Structures are given as C-alpha cells and as structure tokens.
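K.L.:
can't give you the sequence, but here's the structure:
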C-alpha cells in the first residue's frame, strides 16, 4: 500500500527514519527515566511503525481487509496497533521497545505532515546519503591529452583553400570563367573532386 501511494524512496525514508527516531527516543527517555530502561532495543519494529504511521496518516480512509473477511479503514488498523502498544507499555512488557515504536510513529507523522506542506523530506535524506556516498567514491584518473598540430595545420589549410575558392568565384562573377589562369582552373578542378 505504501509503495503504491508514496513510492520506494519515501518508503525507505520512513523505514530508516522511523528506526533512527525510535532509537533516539528510546535513548533519551531511558537516560532520563531509568525505570523505563528495563527493556532492550532490538529489531526493526520502530522502522515498521514509521511506515505504518506514515501511510495511515496519508490515506486514513483506505479500506483494507483483515483475515480476508473483515473490512476496516487503514487508520483503524494503526489505532488498534497503537492501543496494543500502550497496553504493553502500561504492563511494563518491554517498555523501551514500546518507546521506540512511539518514536517511529512520530517520525511517520512528521514525514506526512511535511509532505502535505509541500516539503518532501525523502529528497533531503537522499541528498545527504548521496553526499556521504560521494566522499567514498574514487576520483577518476585524469587522462593526458596531446594536442595535434596536424589538426591545426589542416584547419589552417582548409581556411586558406576556402578563401582562395571564394576569390576565384568572385573573379568568375565579374570577368567570367575564360579569364581565369591555368592555376585557378586546376584549383577549381581539384577542389570539385574533394
């Protein structure tokens, strides 16, 4: 569903960005509240939450089928999953992981709100990735180019021949072909064969 509506570049941004945001939220909150640090941070569920939150906010009323029978809206699925996380958080079943889920969802929300404002953060993310990748690319080896004197000579000869042809044609225009010298007639003959 995500790829159909938002494309692969935004999918990767939501997934990776959700994972990073979830990890950061986990790190910050567990350092300020050690009682929530009883869980551990493992897996990619924060990234999945970034994707789920982004698509559920982008097309909330999209109908989806659960278990091939039950037809619900996409936002219902996201809310049901979120409530399940809140219940797990209140029972202290891996609260750190649930905080990471929340961070991923916040990133998905942020991504879609920015997209609606006309700012695609996936473009910015890809610009940073490309810039970072450019640091590690090997520089192309420079090629030594030798300038040919033959080309210059040939070009100069072509210019001289063109000028001579123009002069002969001007002379024919004014005085006629019969008034050309033997050399001029030979030049026209050779030039015509080129």
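P.N.:
Received, thanks. Owing to the predicted nature of the structure, the values given are computational and were not obtained by experimental measurement. Residues are numbered from 1 along each chain as shown.

K.L.:
what sits against residue 180?
P.N.:
Residues in contact with residue 180 (C-beta atoms under 8 Å, 6 or more residues apart in numbering) are 168, 171, 172, 188. Just so you know, the C-beta spots here come from the backbone N, C-alpha and C atoms, and that holds for glycine as well.

K.L.:
any of these buried? List them.
P.N.:
Among those, the ones that count as buried by 16 or more other C-beta atoms under 10 Å are 168, 188.

K.L.:
give me the neighbour count for residue 82.
P.N.:
17 (other C-beta atoms under 10 Å).

K.L.:
over to residue 59?
P.N.:
The burial count for residue 59: 18, using other C-beta under 10 Å.

K.L.:
was I right to think it contacts residue 5?
P.N.:
Yes. Contact criterion C-beta atoms under 8 Å: residue 59 and residue 5 qualify, at 5.7 Å.

K.L.:
pretty sure residue 19 is touching residue 44, no?
P.N.:
Yes. Assessed by C-beta under 8 Å, residue 19 is found in contact with residue 44 at 6.1 Å.

K.L.:
look at those two and report which has more neighbours.
P.N.:
residue 19 (22 against 15).

K.L.:
from residue 105, how far out is residue 68?
P.N.:
27 Å (C-beta to C-beta, to the nearest Å).

K.L.:
looking at these two, which is more packed in?
P.N.:
residue 105 (28 against 5).

K.L.:
just the element for the residue nearest to that one when sequence neighbours are not counted, please.
P.N.:
In space, and not counting its chain neighbours, residue 105 is closest to residue 53: 4.0 Å by C-beta to C-beta, 6 or more residues apart in numbering. Taking DSSP states H and E as the definition, residue 53 sits inside helix 45-58.

K.L.:
quick one: list the elements packing against that helix.
P.N.:
The contact analysis (3 or more C-beta pairs under 8 Å, 6 or more residues apart in numbering; DSSP states H and E) places helix 45-58 against helix 2-6, helix 8-32, helix 74-90, helix 95-116.
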